[in-house]
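[1] Dropping the sequence and predicted coords here.
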Amino acid sequence: QVQLQESGPGLVQPSQTLSLTCTVSGDSITSKSSYWNWIRQSPGKGLEWIGFISFSGNTYYSPSLKSRASISRDTAKNQFTLQLSSVTPEDTAVYYCARDPSGTYYWDYWGQGTLVTVSS
């Protein structure tokens, strides 16, 4: 059974950098054809895809967040991390990590989500 678990601060001050880690069990983040994603949902809005890091370490981001988002990984710990810089209250959301097993933007396993509030 694949499990993903988000962790990180629940409160971030405006202009600071949001940093979240996803710990994966039951699969390896280097498994062939797997893509490891960050997705968020702001209050009252739909899901917004942020970006992914692939099994080979390649990254790809939403054009709207590309200038502020960075995804990295620690293969020894089977974790991947999101950093989002220069946050504003509009970045307040529940952040999810999710697996795409084949690069088709179909996410079959999700973390439970973590609420990040941007406020002073």
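    Here it is on my side, so go on.

[2] so where's the chain uncertain?
    Counting by pLDDT under 70, the chain contains no low-confidence range.

[3] All the strands of it, residue numbers only.
    3-7, 11-12, 18-25, 35-41, 47-54, 59-61, 69-74, 79-84, 93-100, 109-110, 114-118 (DSSP state E).

[4] Turn these into TSV, columns for mean neighbour count.
    Heads up, the C-betas are built off the backbone N, CA and C, glycines and all. Formatted as TSV, these follow (neighbours: other C-beta atoms under 10 Å):
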stretch	mean neighbour count
strand 3-7	17
strand 11-12	16
strand 18-25	20
strand 35-41	23
strand 47-54	19
strand 59-61	15
strand 69-74	17
strand 79-84	20
strand 93-100	22
strand 109-110	16
strand 114-118	18
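
[5] At the geometric centre of this protein, which residue sits there?
    Geometric centre of the chain, nearest residue: W38, 2.5 Å, by C-alpha atoms, centre = their mean.

[6] pretty sure that one is touching F52, no?
    Yes: counting by C-beta atoms under 8 Å, W38 does reach F52; the two are 7.4 Å apart.

[7] Need the overlap of contacts for these two.
    Common neighbours of W38 and F52, counting by C-beta atoms under 8 Å, 6 or more residues apart in numbering, are I71.

[8] Can you tell me how far the residue nearest to the centre of the chain is from S120?
    Per C-beta to C-beta, to the nearest Å, W38 is found 24 Å from S120.

[9] Check G103 too.
    Applying C-beta to C-beta to G103 and S120 gives a distance of 39 Å.

[10] So between these two, which is more surrounded?
    Neighbour totals were compared for G103 and S120, and G103 leads with 12 against 9 (other C-beta atoms under 10 Å).

[11] State whether the more buried one and K32 are indeed in contact, as I suppose.
    No: the pair G103 / K32 is not scored as a contact, 10.6 Å apart, by C-beta under 8 Å.

[12] do you know how far the residue nearest to T114 when sequence neighbours are not counted is from S15?
    Residue nearest to T114 in three dimensions, not counting chain neighbours: E6, with 4.2 Å by C-beta to C-beta, 6 or more residues apart in numbering. E6 sits at a distance of 23 Å from S15 (criterion: C-beta to C-beta).
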